[in-house]
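Student: Predicted model, plus sequence, below.
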Amino acid sequence: MLSGVARTTPMEGSRYLSGLVSSPVHLKCENLQRTGSFKVRGAYVRIAGLRPEERAAGVVAASAGNHAQGVALAASLLGVRSTVFMPVGAPLPKIAATREYGAEVRMRGQVVDETLHAARLYAEETGAVFIHPFDHPDIIAGQGTVGLEILEQCPEVRTIVVGVGGGGLAAGVALAVKSVRSDVRVIGVQAEGAAAYPPSLRAGRPVVLDTVATMADGIKVGSPGDVPFGIIRDLLDDVHTVSEDELSRALLLCLERAKQVVEPAGASPVAALLARPEAFEGPVVAVLSGGNVDPLLMERILRHGMSAAGRYLSFRLRLTDRPGALAALLGILSASDANVLDIAHVRTDARLGLTEAEVELRVETRGPEHREAVVHALRDSGYALL
């Protein structure tokens, strides 16, 4: 069904991650899929399965990005009218792409839950078919084609690692893979601030989180879907959680080492490998589920990732306000091979003494060991870092 619609995305080896895990690690590059994520697979299967009268009524979806674009393209390919509700403040590139794929975009709500409510209301009023992002068997079946491709491209695979939000992708991959190779482990990864599956699996039913907070908007879901939950409960081997720092580091690694532009959700399997490399039996395939990241968000995340990786050092200190004091400080940084990125020099402030000045600096370092060496060099020279 997906022939000529979804691409068979490439599988790239990662020497760095392979060394870390002590076994081959491959990256399944769904960030290079049409629309920039795996979502078009499930959307197309779902819309293609509609009856003629349902197609005539059109489809409606709610999404901040990836699902929106997947539904828009799938509907356009099938000649079905689509309306996509997106939250106010959604990244402009994602809004523009959704429109270019053929959907009518309507901006509603400040958060995705409000946007979902608006889309469901539209479906009730117009008769349009609501296309859920993950909670439907056809969606899960479409996403499962990722797992089948992995088995064809890497038949020796022992572990597949995939990001989990509502659970559509993880459920599809687990169902497809386990039906062919029961010996392959499938492990899900959630952001710590949106980890609804661990408590849900303990409770034996979907649990709604009180709060959801993560940079990984592609897996920022407050509760599992009923349909994927049952599959994941029965077939997924484990669910790991990763921190925001680990997500940032993973995104930075994908960009620098693998030359892959991915969004935080797409980098979550790599984050899990970085955090616990000993927990994965190789060969391993990590699914880079999407690459739709807003450039401004990418800039912030990369700064965060570089800081988490020990590549930045930010500090404040006080100097005697005399000629040459700042030059002496910069000389120590130069001798330590630290590159100054930003500097703010304050000489007039009520907090300062008459002969004091305060300097705030951000410097670039080569990693945690170099950062510590710079700190020691400053302290050895008599500076008290604030």
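Tutor: Structure's in. What do you need?
Student: Span of stretch 141-149 from start to end?
Tutor: In terms of Cα to Cα, to the nearest Å, the two terminal residues of stretch 141-149 are separated by 13 Å.
Student: pLDDT on that stretch, on average?
Tutor: Averaging pLDDT along stretch 141-149 yields 97.
Student: distance of the closest residue to Ala90 other than its chain neighbours from Met86?
Tutor: The spatial neighbour of Ala90 that comes closest, neighbours along the chain excluded (Cβ to Cβ, 6 or more residues apart in numbering), is Ala64 at 5.1 Å. Any C-beta I mention is one placed from the backbone N, CA and C, and that applies to glycine too. From Ala64 across to Met86, the span is 6 Å (Cβ to Cβ, to the nearest Å).
Student: again with Leu116
Tutor: Remark: distance between Leu116 and Met86 (Cβ to Cβ) = 11 Å.
Student: more neighbours, those two?
Tutor: Met86 (26 against 20; other Cβ atoms under 10 Å).
Student: Now do the contacts for that one.
Tutor: Counting by Cβ atoms under 8 Å, 6 or more residues apart in numbering, Met86 makes contact with 62-65, 68, 94-95, 98, 105-108, 115.
Student: quick one: low-confidence ranges for the chain?
Tutor: Across the chain, the ranges flagged by pLDDT under 70 are 111, 347-350, 352-355.
Student: which element is Ile160 on?
Tutor: Using DSSP states H and E, Ile160 maps to strand 159-163.
Student: so how far is the following helix or strand past that strand off the chain centroid?
Tutor: Next along the chain after strand 159-163, taking DSSP H and E as the criterion, comes helix 168-180. Centroid separation between helix 168-180 and its chain, computed with Cα atoms, centre = their mean, to the nearest Å, is 20 Å.
Student: Could you do stretch 287-304 as well?
Tutor: The answer for stretch 287-304 is 7 Å, by Cα atoms, centre = their mean.
Student: The stretch 201-350 of the chain: helices as residue ranges?
Tutor: Secondary structure of the stretch 201-350 of the chain (DSSP state H, counting those that start in this stretch): helices at 226-235, 244-256, 264-275, 295-308, 325-335.
Student: Tally up the residues packed near Gly324, please.
Tutor: Neighbours of Gly324 under the rule other Cβ under 10 Å: 10.
Student: going forward, begin numbering at 33 instead of 1
Tutor: Renumbered: residue one is now 33, and that last one reads Gly356.
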